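Chemist: how does the following fold in three dimensions:
(one chain, ligands or ions: 1)
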Amino acid sequence: MARTSTDVLVVGGGIIGLAVAWRTAQRGLAVTVLDPTPGGGAAQVAAGMLAPVTELQYGEEPLLRLGIASNQRYAAFAAELTGATGLPTGYRATGTLAVALDSDDRAELRELHGFHQRLGLDSQWLTGREARRLEPMLSPGVSGGLLVTGDHQVDGRRLCAALLAGCERAGVRLHRDRAAELLVTAGRAVGVRLPDGSALTAGRLVLAAGPYSHRLAGLPEGVLPAIRPVKGQILRLRIPGPYAPFLSRNVRAVVRGQHLYLVPRADGELVIGATTEEQGYDTTVTAGGVYELLRDAHQLVPGVTELPLTETGAGLRPGSPDNAPLLGPTALPGLAAATGHYRNGVLLTPVTADLLAAYLAEGTVPDLAVPFSPLRFTQRAAA
Ligand code: GLY
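Modeler: Numbers count the residues shown, from 1 in each chain. The predicted model follows:
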């Protein structure tokens, strides 16, 4: 069997895999990324909202800390990547306005505001009129809002293209193929077998294959929990001309129990997302999905239906059993994970990359990664 070897093999070259590879190569390790289409995956579909505060859920404070840590790194991460590659990332410090339409939404948003205040987060309550003063395209039906000046945005497509270039410049080897099987020798992950029967061996492996992570053949049972695919349908519209003000910051709301957000990019693109559907590995764009997004967005910002609709798409969020990511060494020696980021993959990219690179280079798990150890599922299964 032919063999090629590397210090670190990253299985999966989506946004997380590429960022881990880039940061790890910067630490002086020889890194290979294995993926048939590196730079693909959910980030090609995602709106790229960096919203640790406005997407906060009760009981998810450790995830909030991780999200805030990543958000704080974003500007420097994006600037460094652009400096290294000359490519833009679409990082934009816009802030986010979360709004309420009816009295139930307002009560929920008030509760979220109280939660923010208890946690000392920057979040300001606005009346409907104050919200509309900031964003005149909002519906007169908007009855209140929360201004969160620290929740920003990035363009996942541009970021992936820049990461791909950054990896190449940092000496990462991109192997455009898929892993047929994980190779385990004497209880340690040592590489993968490729479809042609050859082997790619590595000192350490990082599994970063999103909702496909646990499906790698040869992975011993119990090492990773099932990472479920959670479909999100999304729309892209175009705001015509640079002089037509539409939205100047991200706008979001919970409409009929669904998270809805409108993300205006600097180049005039307006992204509207997203459905949350649990139905396996299906990425069909449905008439119902598009209808619901447009109906809800129209209720929030009536002018959206005047805009050209340029693209529809669907992606799969990788959801772990507790919806938090798996970061760091698994129960299988030689194998680490960087997966299960669910709704937060784009947001958590910089911090995931830094934490995994630190672990791979130094051999110890950084404190920030400890609550997200993949071992939490192994230990639960063994109990
Ligand atoms: N973070 C937005 C989403 O997953 O839809």
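Chemist: okay, now the nearest residue to Arg173 once chain neighbours are set aside: neighbour count?
Modeler: Residue nearest to Arg173 in three dimensions, not counting chain neighbours: Thr32, with 4.4 Å by C-beta to C-beta, 6 or more residues apart in numbering. C-betas here are computed from N, CA, C, even on glycine. As a burial measure, Thr32 scores 22 neighbours (other C-beta atoms under 10 Å).
Chemist: show me the contact partners of the helix or strand Thr32 falls within.
Modeler: According to DSSP states H and E, Thr32 maps onto strand 31-34. Applying C-beta atoms under 8 Å, 6 or more residues apart in numbering, the contact partners of strand 31-34 are 4, 6-13, 17-18, 21, 24-25, 167, 171-175, 177-179, 192, 200, 202.
Chemist: now those residues: which count as buried?
Modeler: 6-13, 17-18, 21, 24-25, 167, 172-175, 178-179, 192, 200, 202 (16 or more other C-beta atoms under 10 Å).
Chemist: now, the residues you listed that are in strands?
Modeler: 6-11, 173-175, 192, 200, 202 (DSSP state E).
Chemist: ok, those residues vs Ala358, which is closest?
Modeler: Val8 (12.8 Å; C-beta to C-beta).
Chemist: I'd assumed Leu360 was in contact with the closest one.
Modeler: Yes: using C-beta atoms under 8 Å, Val8 is in contact with Leu360, at 5.7 Å.
Chemist: where do the contact lists of those two overlap?
Modeler: Common neighbours of Val8 and Leu360, using C-beta under 8 Å, 6+ apart, are 24, 29, 204, 206.
Chemist: for the residues you listed, pick the one with the most neighbours.
Modeler: Val206 (30 neighbours).
Chemist: confirm for me that it is in contact with Ala337.
Modeler: Yes: assessed by C-beta under 8 Å, Val206 is found in contact with Ala337 at 7.2 Å.
Chemist: residue ranges with poor pLDDT in this protein?
Modeler: 1-3, 242-244, 379-383 (pLDDT under 70).
Chemist: residue of it nearest the ligand, please.
Modeler: Arg343 (3.4 Å; C-beta to the nearest ligand atom).
Chemist: which residues sit in contact with that residue?
Modeler: Contacts for Arg343 (C-beta under 8 Å, 6+ apart) come out as 55, 230, 317, 323.
Chemist: which two in those residues are spaced the farthest apart?
Modeler: Glu55 and Val230 (14.1 Å).
Chemist: test my guess that Glu278 contacts Arg228.
Modeler: Yes: here Glu278 reaches Arg228: they are 6.6 Å apart, a contact under C-beta under 8 Å.
Chemist: who's more crowded, these two?
Modeler: Arg228 (19 against 10).
Chemist: I'd like to know the beta-bridge partner residues of Pro264.
Modeler: Beta-bridge partners for Pro264, by DSSP bridges, are Leu270.
Chemist: near the ligand, which residues of the stretch 251-383 of the chain show up?
Modeler: Counting by C-beta under 6 Å from any ligand atom, the stretch 251-383 of the chain comes close to the ligand at 273-274, 317, 343.
Chemist: which of these fall in strands?
Modeler: With strands defined by DSSP E, the entries of these inside them are 273, 317.
Chemist: all helices of the chain, in order?
Modeler: With DSSP state H, the ranges of helices along the chain come out as 15-26, 61-85, 103-118, 128-134, 156-169, 287-300, 349-362, 375-382.
Chemist: so Thr284 touches Ala314, yeah?
Modeler: Yes: using C-beta under 8 Å, Thr284 is in contact with Ala314, at 6.6 Å.
Chemist: with neighbour numbers in mind, choose between the two.
Modeler: Neighbours per residue, other C-beta under 10 Å: of Thr284 and Ala314, the larger number sits with Ala314, 19 against 9.
Chemist: isn't that one right up against Val285?
Modeler: Yes: using C-beta under 8 Å, Ala314 is in contact with Val285, at 5.3 Å.
Chemist: quick check: neighbours shared by the two?
Modeler: Gln233.
Chemist: returning to what we had before: spatially, which two of the shared contacts of Val8 and Leu360 are the most separated?
Modeler: Leu29 and Val206, at 11.0 Å, using C-beta to C-beta across the shared contacts of Val8 and Leu360.
Chemist: tell me the buried residues in stretch 154-173?
Modeler: 154-167, 170, 172-173.
Chemist: still on that earlier bit, need the contacts of Arg343 in a markdown table (columns: neighbour count).
Modeler: As requested, the contacts of Arg343 are exported to a markdown table (neighbours: other C-beta atoms under 10 Å):
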| residue | neighbour count |
| --- | --- |
| Glu55 | 22 |
| Val230 | 21 |
| Arg317 | 25 |
| Asn323 | 17 |
